[in-house]
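>>> The sequence and its predicted three-dimensional model are supplied below.
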Amino acid sequence: MSVTAYNPNPEPVTLTGGFYFASYIMDGIYDWVEGRSGPPVIIYLTIEPDDSFTWNLTHGSYEMQEYPLALGIHTVVGQVLAVELIGDGTSASSEFEVIPEPSTFLLLVIGIVLANAKQRHKLGKNKNG
């Protein structure tokens, strides 16, 4: 996930935050930053006029253990976590779809075909037998 803070002002803006300046919320349930801790420090980030800063966050293996993404449609909302923000620093939601990997899908199709063939073979034996 990429979360970007943009400064449209003619003057630089300095954001004040903690160890984590950005987060995302998945499906209105999972908050990436919740439960994480960092050093108890205050960090300053200056964004120049008409410039931006982007954080790249990953929903990797650790996050998949906490909040696995099932097949289907999900929503994600990015957040900038800084003291100076007017409002809550939350983006509009974006949707994405989790689909099976091609190899997983192929194995699923093969399994269904083989199960159907086995079932037909059993039915044929019962009719003849």
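Cool, got the structure.

>>> list the contacts for the spatially closest residue to Ala70 that is not a sequence neighbour?
Nearest residue to Ala70, sequence neighbours excluded (CB to CB, 6 or more residues apart in numbering): Val98, at 6.8 Å. C-beta here means a position set from N, CA and C on the backbone, and glycine is covered the same way. The contact partners of Val98, taken as CB atoms under 8 Å, 6 or more residues apart in numbering, are Leu69, Ala70, Leu71, Gly72, His74.

>>> which of these tops the neighbour count?
Neighbours here mean other CB atoms under 10 Å. Within these, the largest count is held by His74, at 19 neighbours.

>>> distance of that residue from Asp27?
5 Å (CB to CB, to the nearest Å).

>>> do Ile73 as well
9 Å.

>>> The nearest residue to Asp31 once chain neighbours are set aside in helix, strand or coil?
Nearest non-adjacent residue to Asp31, counting by CB to CB, 6+ apart: Ile25, 5.1 Å away. Following DSSP: H, G, I helix; E, B strand; the rest coil, Ile25 is assigned to strand.

>>> for Ala115, same thing?
helix.

>>> and it, how many neighbours does it have?
Neighbours around Ala115, by other CB under 10 Å: 10.

>>> try Glu97
8.

>>> going forward can the numbers begin at 18, since that is how I track them
Yep, numbering from 18; the last one is Glu114 now.

>>> so how far does stretch 69-84 reach from one end to the other?
Stretch 69-84 has an end-to-end distance of 29 Å (criterion: CA to CA, to the nearest Å).

>>> Now it: average pLDDT?
On average, the pLDDT along stretch 69-84 is 90.

>>> Look up how far Gln136 lies from the residue nearest to Ala87.
Distance from Val115 to Gln136, by CB to CB: 30 Å.

>>> How about Ile116?
Here Ile116 is placed at a distance of 27 Å from Gln136 (CB to CB).

>>> what's Val94 in contact with, if anything?
Going by CB under 8 Å, 6+ apart, the list of residues near Val94 reads Tyr41, Ile42, Gly45, Thr107, Ser108, Ala109, Ser110, Ser111.
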